[in-house]
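Enquirer: sequence first, then the predicted structure, then my questions.
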Amino acid sequence: MREVFDRLYVGNQTDYESGTERDENGDACEWAFCLAAKEPWHRRAIGYTGRACDKNHPEYLIAGRENKLILNLVDAPKPEFFNKDIIDTALEFIDISLNDGKKVLICCNLGESRSPSICLLYLIKHGIIKGDALEDCEAEFLKIYPEYNPGTGMRGFVKDHFKEYVK
């Protein structure tokens, strides 16, 4: 888990499951979590057992539980498999949580593709990372989060929508 901006962290499944919700005394911390993975978090939250969640389920794409936003995201190979509403909801959740004074951990399974891409878009949207092209912003982001290694679909989504997020 790495802090990439004040109270904004990016990490992987192990970071989340290692007890981030507790401080060194075992007391609950003021954290919010953006869990950017179908497996295991979205499946667990909704409780489906088949291959996928029922598309008619009201939380098919996004589930909210206490201090968690749980996204039905797989690291798909094509950008068209990513739903912009999911990403926009995640960015709003992060913003609201930070404005409420919470620490925010954005995580996916490996902490390389989905979660850092969401974080990068947040930093771009809020003018924290600036650049004329996505590659400029990625170069800056790699300085603070060297684990960034987006899959082809996730990076394609970010590239396709980059201009919509630039401040």
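Expert: The structure has been received and is ready for your questions. Numbering: from 1, shown residues only.
Enquirer: low-confidence regions, the protein specifically.
Expert: Scanning the chain for pLDDT under 70 picks out the ranges 19-29.
Enquirer: which residue would you name as the spatial centre of this structure?
Expert: S115 (3.6 Å; Cα atoms, centre = their mean).
Enquirer: tell me what the helix or strand containing it is packed against?
Expert: Secondary structure from DSSP states H and E places S115 in helix 114-125. With contacts taken as 3 or more Cβ pairs under 8 Å, 6 or more residues apart in numbering; DSSP states H and E, helix 114-125 sits against strand 2-5, strand 8-11, strand 31-36, helix 84-99, strand 103-107, helix 134-144, helix 152-165. For the C-beta atoms, the positions are set from N, CA and C on the backbone; glycine is no exception.
Enquirer: could I get the ones you listed as TSV with distance to D75?
Expert: TSV is the format used below for those (distance: least, Cβ to Cβ, whole Å):
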stretch	distance to D75
strand 2-5	19
strand 8-11	15
strand 31-36	9
helix 84-99	13
strand 103-107	13
helix 134-144	17
helix 152-165	6
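Enquirer: out of these, nearest to R65?
Expert: Smallest distance to R65 across those (Cβ to Cβ): 9.1 Å, for strand 31-36.
Enquirer: ok, residues contacting that closest one?
Expert: 16, 20-21, 41-42, 67-71, 73, 90, 93-94, 97, 100, 102-108, 114-115, 118 (Cβ atoms under 8 Å, 6 or more residues apart in numbering).
Enquirer: next, the angle from it to helix 84-99.
Expert: Counting by axes from the mean of the first three to the mean of the last three Cα atoms, to 10 degrees, strand 31-36 lies at 170 degrees to helix 84-99.
Enquirer: thank you, goodbye.
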